[in-house]
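**Student:** my questions are about this predicted structure, shown below with the sequence.
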Amino acid sequence: MAAVQAVLSALDVFGRAPDKAALDQANTWLQDFQHSRDAWATCNVLLLSPDAPPAAKLFAAQTFRAKVTYDLYEMDPADIFRLRDTLVTALETYHAGPRTIMVQLCLAISGLALQLPAWEDPVQNMIDSFGRNPATVPALLQFLTILPEELCTNTKIPVTDDEYKERANTLLTSKAKTVVDLLSMYLQAPGVTSTIQAQIFACLSSWLAAGEVTAVSLVDSPLPGFAFDALVSDELFDTAVNVICDLIHETQEVEENMPMIEQLVPRIIALRPKLTEYKEDPDKIRGLARIFTEAGETYRSLLLHHPETFFPIVEAIGDCTAYPDLDIVPITFHFWMRLAQNIGKKPSVPAPFLDAYKALMGVIIQHLHFPKDFSTLTGQEAENFRSFRHVMGDTLKDCCYVLGADACLLATYDMITAALARGPNAISWQEIEAPLFSMRSMGAEVDPADDKAVPKIMDLIPSLPAHPRVRYAALLIISRYTQWINRHPDYIPYQLQYISAGFDDTDTEVNAAAGQALKYLCEDCKQHLVDFLPQLHQFLATVGPKLVQDDRLMVYEAIAHVISAMPMEQAAQSLRTFSSDILAQVHTIAAKPTPATKEELQSVCNALESLEVMLGVIQTFGEDLPVACQNSVQEGWSFFDPFIVKYGSDYAICERITRVLRLALTFFGGRARPILPFVLKRMSDAFEVTGFSSYLWIVGKIIGRFGNDEDPALRAALKEVFEHSSNKLVQLLQEKTPASIPDVMEDYLHMLLQMLDYAPDVFFPSPAFPVAFKAALAALTVVHTDIIYAALDLIRGIVTHECLVPPASALPPPKFPIYAAAINPVVQKDGPELTGYLLSGMVGDFPEESTSMVVTIFRQLAALWQRELLSWLPMVLQQLPVTAVPDQSKTQFLTDMSSAIQSAEYDRVKRAILSLHRASRKARDRRRAAPFEA
């Protein structure tokens, strides 16, 4: 049989491990084969042939599952029962494995049972066929486990809601008692193996999770008791934990399930001694922690109303939280959070719960301790531990919620003072750092008006040991408590002194923490720091050059916050002082007769980034600038212009200059108008020389802010930059693909969008307009969400422009005919390419949310270019690969579009597009869902 041999040849490729191209080709062929009608008969032969290799049998089973899900309509009704018999026979053949084949056959039988109402009682039939022979019972249990999972999760099976409800009742709901009785019988059968027992528990979990077996229905069943008894077995422990957790979870409706809860809770509490028994076995402790935590979360209301009965569960969860394995500890965190939320709603907190959260706080702080020798951790282990400390910090916030922030802070304060009292030689830095970290974590819960705990902490900070980890933690406490400091400004001088010392530390992390502390202090306490600005300027001059750039930026940001709190004239003069230092560096490098060194250019980049940070905080002083700033725009440009000419071809310089220019436009507002033609000219020239996209980006920002201005010089500059940048883009696209210059494509498109909105008089009549349209089409080939959106947005804006169908009620603007005369020939010329890109993208790599834009464009094409669109579509559809959209869907789309256009019912265009889109997504989902698994 030729088809069988072809499949075997394709599968053989995977066994030989050739290059990726050959693997992809073979995988694609196999997927195409799975779509074909021949696959039914071919896979039947492969599956039941004793001589077929294992990979072929697995592929056949996978194919049957896929065909049952997607292609059952291909079969005649009479053949469907023969298919059922084939699958059941195959399951009998493979009842002993391999498990992978058994699973695929069970999935196929489950999907078939859902779609075949004439099969009256599949579950009983399968029990009759497989349940009486001990050798085939594992296959039956596999089927019964998979059946509810497949029916509840496989949304690809084509049945209506009503059909699903009726069939699910037949397959699941009406058979729940039968299945429970069957599982109970098997579990108590003489000679039952642990493998069968594990399957029984897994099957019960599946039916519980599907909601078909209720917890209360098991009150008189031996299954729950067997699950708890199975916890003593190493082989059954994990499956027993799973089923117990599922059973607890299904008792969430407390009143309905009280009979079951009364059985479960004593058994759960009786497990607590196991925590001591299994303390050397983390896997067992993990399982017990899951059980206790599931019970605690499910029975929260009972814990609070009946602590005399249920509080031992809280104590057991506390034991799990205290376990030294930090992979197990977080299992309990969600319980502590939810319980704290419940406790917070009560007028008073019972004493046992207060004690539990006090103990929890101590346990968490103990877990926060760094190892005595932190160097023993690998880089990833150290990073994981640091990240987990922040997770633990959230649990400390839960403690604050129950105990009160001041009580928690005072408790941690007492930990530190008790440790310090033992003397420097008797304590480790970890004993100080961990409580400090907890103070930082709890800072979000602190009242800025607190006068009990926080003053003690602030007084304590200067006397802490000088260890870098301790200083780092203390500086971050200052960062967290700056809102409190704003209400208590007397502490500012001492905090500034401590922060300044942090910049002198040799540890770079301490330097960074000092920068962060200074930034937040200046942001939240800026009104109180105005008088400290000269001191900060002097600090920047002396310490600034020694700092790494990230730390320096935080200092500049801090200073900017202080400047923003000043009266306007004073703020303007202060900004001028700091920015003059930076601009002087720019001027010095630009005027230097010899080329600047790499280090000098990096220094200027850092300085420009600092200016960017300051302008980003200050934003603007408004349209009426203070006297100190009124001539700054011309002065600033006089520094930048020669610098760009000389060094604008350096990418880092380009990035920094354009970002500063963007913020300068915001800062100066309308005062920037006189220099804009010169700026645009320089940006245009720089892009022509370098091809750097940032020069287009800033042009787009200028058009968006000033594009409506009628100044002739500005509009001439806009025309020049549009045409020159378009010519440069053409040159780039002759050398590179659009996908290789995504930044240029995106910024060019955004510039065009601004032109379309604010300067259509420049955009449409220009000889660069056809180039721009072509560029938008090319952008549709780039697999990049933002670029595709920008390109579609531009094309939509062009083809739906009001000039094409001006309102009849009013005289159209005089330039509309000029715009329409530019648009029409471009669309007619490039229409086939446009429709091809739109359809191939929609059934390919376009983002899902872009479909509405495609619909709008097609609707407009159908309304204004009817004859042309009908002539373009057949060729375009023919070029779409059948793997992306089936041929019958293409034919239907063409029929629907032709009908919509000929009847002038353009709303039907949307339905046609969406129908094609759904067909393509279904084909794509199928290829994702059923690849060959070698």
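**Tutor:** Received, thanks.

**Student:** what does stretch 504-512 contact?
**Tutor:** Stretch 504-512 is contacted from outside by 468, 471-472, 475, 502-503, 514, 543, 547-548, 550-551, 554, using CB atoms under 8 Å, 6 or more residues apart in numbering. Bear in mind the C-beta positions are built from the backbone N, C-alpha and C, glycine included.

**Student:** what's the span of stretch 210-225 from first residue to last?
**Tutor:** End-to-end distance for stretch 210-225, by CA to CA, to the nearest Å: 21 Å.

**Student:** so for it, what's the average pLDDT?
**Tutor:** Taken as a whole, stretch 210-225 has a mean pLDDT of 94.

**Student:** show the subsequent helix or strand relative to the strand or helix carrying R338.
**Tutor:** Element membership for R338 (DSSP states H and E) is helix 333-344. Downstream of helix 333-344, the next assigned helix or strand under DSSP H and E is helix 351-368.

**Student:** coming back round to it: buried ones among the contacts of stretch 504-512?
**Tutor:** Neighbour counting over those (16 or more other CB atoms under 10 Å) leaves 468, 471-472, 475, 502-503, 514, 543, 547, 551, 554 as the buried ones.

**Student:** which one of these is nearest to A230?
**Tutor:** Y472 (49.2 Å; CB to CB).

**Student:** packing partners for the host helix or strand of that closest one?
**Tutor:** Using DSSP H and E, the element containing Y472 is helix 468-480. In terms of contacts (3 or more CB pairs under 8 Å, 6 or more residues apart in numbering; DSSP states H and E), helix 468-480 is packed against helix 429-442, helix 492-504, helix 508-524.

**Student:** got the angle for it vs helix 492-504?
**Tutor:** Here the directions of helix 468-480 and helix 492-504 differ by 140 degrees (axes from the mean of the first three to the mean of the last three CA atoms, to 10 degrees).

**Student:** what's helix 468-480 in contact with?
**Tutor:** Contacts for helix 468-480 (CB under 8 Å, 6+ apart): 370, 429-430, 432-433, 436-437, 439-440, 443-444, 457, 461, 464, 485, 495, 498-499, 501-502, 505-507, 509-510, 513-514, 516-517, 519-521.

**Student:** what's the answer for stretch 270-286, then?
**Tutor:** Contacts for stretch 270-286 (CB under 8 Å, 6+ apart): 228, 231, 237, 288, 291-292, 312, 315-316, 319-320, 323, 325, 327-328, 331.

**Student:** which parts of this structure are strands?
**Tutor:** Ranges of strands within the chain: none, based on DSSP state E.

**Student:** tell me the buried residues in the longest helix anywhere in it?
**Tutor:** The longest helix of the chain (DSSP state H) is helix 816-842. Across helix 816-842, burial judged by 16+ other CB under 10 Å covers 816, 819-820, 822-823, 826-827, 830-842.

**Student:** with stretch 658-675 instead?
**Tutor:** Judged by neighbour count (16+ other CB under 10 Å), stretch 658-675 contains these buried residues: 658-665, 667-669, 671-672, 675.

**Student:** find the nearest non-adjacent residue to E166, please.
**Tutor:** Nearest residue to E166, sequence neighbours excluded (CB to CB, 6 or more residues apart in numbering): P117, at 7.6 Å.

**Student:** oh, I was asking about Q25
**Tutor:** Spatial nearest neighbour of Q25, chain neighbours left out: V13 (7.9 Å); criterion: CB to CB, 6+ apart.

**Student:** over to Y164?
**Tutor:** In this structure, Y164 finds its nearest non-sequential neighbour in L114, 7.3 Å apart by CB to CB, 6+ apart.

**Student:** how close does the one you found sit to C43?
**Tutor:** Distance, L114 to C43, by CB to CB, to the nearest Å: 20 Å.

**Student:** thinking again about what came up before, highest neighbour count among the contacts of stretch 270-286?
**Tutor:** The most crowded member of these is F292, carrying 28 neighbours; neighbours defined as other CB atoms under 10 Å.

**Student:** ok, back up a step: dump the helices and strands packed on helix 468-480 to CSV, plus distance to R167 and mean pLDDT.
**Tutor:** Shown next, in CSV, are the helices and strands packed on helix 468-480 (distance: least, CB to CB, whole Å; pLDDT from 0 to 100):
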stretch, distance to R167, mean pLDDT
helix 429-442, 53, 95
helix 492-504, 69, 94
helix 508-524, 61, 95
